[in-house]
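Chemist: A structural model of the following input is requested.
(one chain, ligands or ions: 2)
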Amino acid sequence: MELRLYDTLTKEKRPFVPLDAKNVRMYVCGPTVYDFAHIGNARPVIVFDVLFRLLRHTYGEAHVKYVRNITDVDDKINDRAARDFPGLPLNEAIRKVTEQTGKQFHADVDALGALRPSVEPRATEHIAEMREIIERLIAGGFAYAAEDHVLFSPQAMNAANSSLPRYGALSNRSLDEMIAGARVDVAPYKKGNTDFVLWKPSKPGEPSWPSPAGIKAEGRPGWHIECSAMAWKHLGEHFDIHGGGIDLVFPHHENEVAQTCCAFHRERMANYWMHNGFLQVESEKMSKSLGNFITIHELLKDWPGEVLRLNMLKTHYRSPIDWTMKSLEESARTLDDWYRVAADVVPGEPAASVVEPLLDDLNTPLAIAALHGLRSEAAALSGSLRLLGFLAESAAQWESRKQQASGVDAAEVERLLAERTAARARKDFKESDRIRDLLAAMGVAIKDSKDGTTWEVAR
Ligand code: AMP
Ligand code: ZN
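Modeler: Ligands and ions are numbered 1, 2, ... in the order given. Next comes the predicted model:
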C-alpha cells in the first residue's frame, strides 16, 4: 500500500510522491522559546514525529530530512527577558531565556518519545538568508522599503503575470475580501492594507542586525520570513512536506508561501501542506485565565511521556482533540498492559494491520485499534509499538516507575505477600483475605497463578 497524505492546499488526500525518494524533505514550524511548552504544542511534535518515523520506515533512515526550527527572535521573548532578568542587558537576558526554554523544550519532547529532527535551525543564525530573500523580493517588485521597514505586497504578487500561486490559495481566502475587511487604522508606511512586514527597525536595546534594502538603521526580521529562510537553507526552494498547527495556515503559512515562491519564481514551496487540529482541555479552550493551561513539564510529573503520546494519538491528527483526565487514565492502563505483553519481547516486523492505517493519512486511531488486536502476537505488537515510538523502557523499568510515582514500597509489598502465602498454606483464609484487602487499599493488585503470585500497582 502507498502513503497518502491530506494536503491543506488542494483539500484532498493524495498519494505521496517525493520529489526525490533518496532525500525526502519535511519542514515543521517549531516553538517560540519564551516559556514552558503546553500540551497543545506537544501535538505537532508528536504527530509529525509519527510521520517522520513512517517516512524513515518507508524510504530508509538515511533518506529523510526533517527540519523543525526554533524561533529565538520574537517580541514575546524580549518581554519575558525584560521581566525575568531586569538587571541584565536585554541581549544577555534574551540569551538566558532562549537557552533555558530551549533546553526545557528538548527535555519535554525527548520524554514524549519524539526523535530529534535532522536539523533544528535557530532563526538568529539565518539572518543572512532572510536578507537575501528580502533583496530578491524587492528586486522582483514584490516588496518595498518604507520608514525603515520592508513590506511584502500580496497585491503585487497577485498582479504578477506569471505562474506564481495566488495569494490566499492556501488559506482559501480572497485577497479582495481581505482588502475590504482589513483594519482602517493601518500603519502609515504601508502602501496596501494587507501588506505584511518582512523587516522592521529594532527598538533601543533589542537584538538588531544590519538591515537589507539599503536601510541605515539596524533592524530585525518579521516572523514569517524566518521560516522561509530556514526552510530554503536546509531543504531548498521546493520540498515535500510543510507542517504545523491549523492556527498557522493564515497568516503564517500563507505568507511563507508568498515569500518563497516570489523570491525563487516557484509555483510551489511544499508539495503537501499538513496541519494538525487544535487541542482543548476538558472541553474548554486552554488558556491562562481559565486556569486550565497545562504544560508538558507539569504533566510529566504525573504521567510517563508515552502515556501522553498514546493519549494524543488516539485522535486523528486533523480532528480537534479533547484532553481529559479520564482518557489519560485509560491510556495509562493500555500502556501498562502493552508493556507487560510486549516490552521484553524481541520485536518482529510491524504488523500490516497497523502500518496500513498509518499510510492512510496517519490514521492513528485505527492503528491503535489494530494494536489492541495484537495481544496474542507479542513480537508483532512489539515491532508495531516501536514503529509508533513506544516501548523505550523495559517492562521492569516501566513497573518500577509506576511504583515510585504511586509511593508503593515494593519491599513492604513483598513482605505482606510472603505473609499471605504462609496464611494460605495453613489454610487461614481470613488472614489471607485481610492481607489482599490491605494491599488493594495500598493500590496494589495481585494475581495468583500456578507459578505463584505476581503484583503490580493498580491504575
Ligand atoms: P507556538 O509556539 O504558539 O507558535 O506553537 C508551536 C506549535 O504548536 C505550532 O505548530 C502551533 O500550531 C501548535 N499549537 C499551539 N497551540 C496548540 C493547540 N492548542 N493545539 C494544537 N496545536 C497547537
Ligand atoms: Zn513557520
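Chemist: what residues are up against the residue in the stretch 201-350 of the chain positioned nearest to ligand 2?
Modeler: Residue of the stretch 201-350 of the chain nearest ligand 2, by C-beta to the ion: residue 227 (3.1 Å). Just so you know, the C-beta spots here come from the backbone N, C-alpha and C atoms, and that holds for glycine as well. By C-beta atoms under 8 Å, 6 or more residues apart in numbering, the residues touching residue 227 are 27, 29, 69, 252, 256.
Chemist: near ligand 1, anything from the helix or strand hosting it?
Modeler: For residue 227, the element it lies in under DSSP states H and E is helix 223-235. No. Applying C-beta under 6 Å from any ligand atom, one finds helix 223-235 separated from ligand 1 by no less than 8.9 Å.
Chemist: domain ranges for this protein?
Modeler: Domain ranges of the chain: 4-279, 323-397, 407-457, per automatic domain parsing.
Chemist: With mean pLDDT added, can I get these in CSV?
Modeler: Listed next are the domains of the chain as CSV, based on pLDDT from 0 to 100:
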stretch, mean pLDDT
domain 4-279, 96
domain 323-397, 97
domain 407-457, 92
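Chemist: now these as TSV including distance to residue 286?
Modeler: Converted to TSV, the domains of the chain look like this (distance: least, C-beta to C-beta, whole Å):
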stretch	distance to residue 286
domain 4-279	6
domain 323-397	8
domain 407-457	29
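Chemist: of all these, which lies closest to residue 291?
Modeler: Among the domains of the chain, the nearest to residue 291 by C-beta to C-beta is domain 4-279 (13.1 Å).
Chemist: Show residues contacting stretch 86-93.
Modeler: Contacts for stretch 86-93 (C-beta under 8 Å, 6+ apart): 78, 81, 82, 84, 85, 96, 205, 206, 207.
Chemist: Need the buried ones from the residues you listed selected in PyMOL.
Modeler: Buried residues within the contacts of stretch 86-93, by 16 or more other C-beta atoms under 10 Å, are selected in PyMOL with:
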select buried, resi 78+81+82+85+206+207
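Chemist: Which of the contacts of stretch 86-93 fall in helices?
Modeler: In helices, defined here by DSSP state H, the members of the contacts of stretch 86-93 are 78, 81, 82, 84, 96.
Chemist: Could you let me know which of those ends up closest to residue 324?
Modeler: Using C-beta to C-beta, the ones in helices among the contacts of stretch 86-93 come closest to residue 324 at residue 84, 32.6 Å.
Chemist: what about the nearest residue to that closest one once chain neighbours are set aside, neighbour count?
Modeler: Once flanking residues are discounted, residue 84 sits nearest to residue 97: 6.5 Å by C-beta to C-beta, 6 or more residues apart in numbering. Using other C-beta atoms under 10 Å, residue 97 has 24 neighbouring residues.
Chemist: Would you agree residue 97 is in contact with residue 34?
Modeler: Yes. Applying C-beta atoms under 8 Å, one finds residue 97 in contact with residue 34, separated by 6.0 Å.
Chemist: intersection of neighbour lists for the two?
Modeler: Residues touching both residue 97 and residue 34 (C-beta under 8 Å, 6+ apart): 77, 80.
Chemist: Distance of residue 448 relative to residue 355?
Modeler: 38 Å (C-beta to C-beta, to the nearest Å).
Chemist: and the stretch 101-250 of the chain, which residues reach ligand 2?
Modeler: Contacts of the stretch 101-250 of the chain with ligand 2, taken as C-beta under 5 Å from the ion, map to residue 227.
Chemist: and the residue of the stretch 101-250 of the chain nearest ligand 1?
Modeler: Residue nearest to ligand 1 within the stretch 101-250 of the chain: residue 245 (1.8 Å; C-beta to the nearest ligand atom).
Chemist: before we move on, back to that, so which two of the ones in helices among the contacts of stretch 86-93 are the farthest from each other?
Modeler: Spatial extent of the ones in helices among the contacts of stretch 86-93 (C-beta to C-beta) is set by the pair 78 and 96 at 12.4 Å.
Chemist: returning to what we had before: looking at strand pairing, list the partners for the residue of the stretch 101-250 of the chain closest to ligand 1.
Modeler: Beta-bridge pairing for residue 245 (DSSP bridges): residue 276.
Chemist: Near the residue in the stretch 51-200 of the chain that ligand 2 sits nearest to, how many other residues are there?
Modeler: Among the residues of the stretch 51-200 of the chain, residue 69 lies nearest to ligand 2; the distance is 6.6 Å by C-beta to the ion. Close neighbours of residue 69, defined as other C-beta under 10 Å, add up to 24.
Chemist: Can you verify residue 145 is assigned to a strand?
Modeler: Yes. Assessed with DSSP: H, G, I helix; E, B strand; the rest coil, residue 145 lies in a strand.
Chemist: what is it paired to in the beta sheet?
Modeler: When bridges are called by DSSP bridges, residue 145 pairs up with residue 150.
Chemist: Tell me the spacing between it and residue 138.
Modeler: 7 Å.
Chemist: Need the overlap of contacts for the two.
Modeler: Residues touching both residue 145 and residue 138 (C-beta under 8 Å, 6+ apart) are residue 213.
Chemist: would JSON lines of the contacts of residue 227 with secondary structure be doable?
Modeler: Shown next, in JSON lines, are the contacts of residue 227 (three-state DSSP):
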{"residue": "27", "secondary structure": "strand"}
{"residue": "29", "secondary structure": "coil"}
{"residue": "69", "secondary structure": "coil"}
{"residue": "252", "secondary structure": "helix"}
{"residue": "256", "secondary structure": "helix"}
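Chemist: quick one: which of these has the most company?
Modeler: Neighbour counts for the contacts of residue 227 peak at residue 27, which has 29 neighbours (criterion: other C-beta under 10 Å).
Chemist: Kindly confirm whether my reading is correct that that one touches residue 238.
Modeler: No. With contacts counted by C-beta under 8 Å, residue 27 stays clear of residue 238, the gap being 11.4 Å.
Chemist: between the two, what contacts are shared?
Modeler: Shared contacts of residue 27 and residue 238, defined by C-beta under 8 Å, 6+ apart, are found at residue 270.
Chemist: ok, and what's touching whichever strand or helix holds residue 404?
Modeler: Counting by DSSP H and E, the element that carries residue 404 is helix 395-406. Contact with helix 395-406 is made by 302, 304, 335-336, 339-340, 343-344, 393, 410, 443, 456-457, as judged by C-beta under 8 Å, 6+ apart.
Chemist: Name the next helix or strand following that helix along the chain.
Modeler: Helix 395-406 is succeeded, C-terminally, by helix 410-425 (DSSP H and E).
Chemist: can you give me the strands for the stretch 51-200 of the chain?
Modeler: Secondary structure of the stretch 51-200 of the chain (DSSP state E, counting those that start in this stretch): strands at 64-68, 143-146, 149-152, 196-201.
Chemist: So which of those is nearest residue 278?
Modeler: Each of the strands of the stretch 51-200 of the chain has some distance to residue 278 by C-beta to C-beta; the shortest is strand 64-68, at 19.1 Å.
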